[in-house]
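Student: have a look; sequence and predicted model below, questions after that.
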Amino acid sequence: MNSPLEDRLREALTEAGATVDASTLRPLQASGRRRSRVDLRMVAVAGVVLAGVAAAVLVAPGDQQRVTTANPPAKQEGPIDVTLFMCERSSMQSPDCEGHAATPTQMMTMHKTLKAMPDVERVAFEDQAAAYERFRREVAGNEALLDMVKITDMLASFQLVLKPGADVDAVLRKAKSVTRVAFARYPKLRDELLPDGDGAKADVTALLCGDNSVETACGAVVSSSPTKKVPKILKTEGKGITPAQQKAVAAAIDTMPGVQSAHFEDQQEAYENFKRAYASSKNILRVVKVSDMPTSFRLLMSPGADWSAVIDQLRRLPGVARVINNRCKEQQAKILWGYGISVPEKKLCGAITP
């Protein structure tokens, strides 16, 4: 049993071309970023990330790149930077790798294949050790994050410079024909993975239950699926938040220590923000409607506030589908963008100091 939005999204992705396998999309999260693949905040991010509201609407983390390929990268003016993160024995890499790690022979074949492509001007290689040293420099001072991410979590990568006007999609298809790629980073994907605006508007977002919700917090019932790519099947839809519950959530927020301000975002406002953030994803915008958007409370926190206490309290309120730590989602998307790895949200949020 799928939600109406999921059905429309699958149809749109199927129509987009054979490079997209609509069956690999996981059940949609509550009417609710990538963000962080993303949130489409990833989908990935699938799913990404997917960070914030827009990501939660469409795909689970880890599916970001599948959705992005529904609108293949257009030809661009000027040199184009593309990075291919290779599958390794990392616990934080894309589920697309399915436990696979590129062999030395496959790495050599990939290097030769990339250098032989007429659209590729330069090819550089970064191994796990070099990626780890770069990571340690960039997050120096965050001991919790440094302790969490090990050298074995890093992904080796090929860093390409393509000629002006190169067909990025053709390069990606050719590269992926050699061996699995954990994550491909290219200019257009940045707009999908790291849409502007969401983090600046709110530190914490409480997505409210919508009609026909697929969130268990809203009463939805899901069961396991026999396939790994679609792990859950929706059996019973959840219910939308009632006016009394919404009023109670607003009242609770007003009394929460550390909340500087709160803004209620209705479906129309959410839809306008979504359209701006994902203006380049035409196939997705074609199927997403105002009625698919979540309503939410978007909170700005005071300096030094205890975010975890606020988030925990919000999660326990009837009518709240899910609560998003936008700073955590943003950091999650940045790590995916920079290193090709998806740090689990539950672990990462504990390493983010507001």
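Tutor: Received, thanks.
Student: all contacts plus neighbour counts: C-alpha atoms, from now on.
Tutor: Noted.
Student: residue 317 belongs to a helix?
Tutor: No - assigned with DSSP: H, G, I helix; E, B strand; the rest coil, residue 317 falls outside any helix and is coil.
Student: how far away is it from residue 251?
Tutor: 11 Å (CA to CA, to the nearest Å).
Student: beyond the helix or strand harbouring residue 108, next helix or strand please.
Tutor: Here residue 108 sits within helix 104-116, counting by DSSP states H and E. Downstream of helix 104-116, the first helix or strand assigned by DSSP H and E is strand 120-126.
Student: just the buried positions in that next one, please.
Tutor: 120-121, 123 (16 or more other CA atoms under 10 Å).
Student: tell me, how many residues neighbour residue 98?
Tutor: 12 (other CA atoms under 10 Å).
Student: tell me which helix or strand of the protein sits lowest on mean pLDDT?
Tutor: helix 53-58 (a mean of 35; mean pLDDT, DSSP states H and E).
Student: for residue 185, what are its contacts?
Tutor: Residues in contact with residue 185 (CA atoms under 8 Å, 6 or more residues apart in numbering) are 82-85, 337.
Student: what distance do you get for it to residue 286?
Tutor: 25 Å.
Student: cool, and residue 208?
Tutor: 24 Å.
Student: strands of the stretch 151-300 of the chain, start to end?
Tutor: 157-162, 181-185, 204-208, 221-224, 232-236, 259-265, 296-301 (DSSP state E, counting those that start in this stretch).
Student: and the last one, what does it pack onto?
Tutor: Using 3 or more CA pairs under 8 Å, 6 or more residues apart in numbering; DSSP states H and E as the contact criterion, the elements in contact with strand 296-301 are strand 204-208, strand 259-265.
Student: buried ones in it?
Tutor: 296-301.
Student: which element, helix or strand, includes residue 83?
Tutor: Residue 83 is part of strand 80-86, with elements assigned from DSSP H and E.
Student: if we can go back for a sec, more neighbours, residue 208 and residue 286?
Tutor: A count of neighbours by other CA under 10 Å puts residue 208 above the other of residue 208 and residue 286, at 28 against 11.
Student: how far does stretch 250-260 stretch from start to finish?
Tutor: One end of stretch 250-260 to the other measures 14 Å (CA to CA).
Student: you'd agree residue 88 is up against residue 155?
Tutor: Yes - between residue 88 and residue 155 a contact is recorded at 6.0 Å, counting by CA atoms under 8 Å.
Student: these two: which is more packed in?
Tutor: Neighbour totals were compared for residue 88 and residue 155, and residue 155 leads with 28 against 23 (other CA under 10 Å).
Student: pull the contacting residues for the more buried one.
Tutor: Applying CA under 8 Å, 6+ apart, we find residue 155 in contact with 85-88, 90, 93, 127-128, 131, 339-341.
Student: any low-confidence regions in the chain?
Tutor: Where the chain drops to pLDDT under 70, the residues are 1-77, 191-201, 225-235, 350-354.
Student: now do 80
Tutor: Across the chain, the ranges flagged by pLDDT under 80 are 1-78, 91, 93, 96, 188-201, 222-236, 277-284, 345-347, 349-354.
Student: related to what we said a few turns ago, using PDB, write out the CA atom coordinates for the strand holding residue 83.
Tutor: Only the C-alpha atoms of strand 80-86 are listed here, as PDB (Å, rounded to 0.1, in the frame of the first residue of the first chain):
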ATOM      1  CA  ILE A  80      33.200  21.000 -14.500                       C
ATOM      2  CA  ASP A  81      34.400  19.300 -11.300                       C
ATOM      3  CA  VAL A  82      33.100  15.800 -10.700                       C
ATOM      4  CA  THR A  83      34.200  13.400  -7.900                       C
ATOM      5  CA  LEU A  84      33.500   9.700  -7.900                       C
ATOM      6  CA  PHE A  85      33.600   8.200  -4.400                       C
ATOM      7  CA  MET A  86      34.300   4.500  -4.700                       C
END
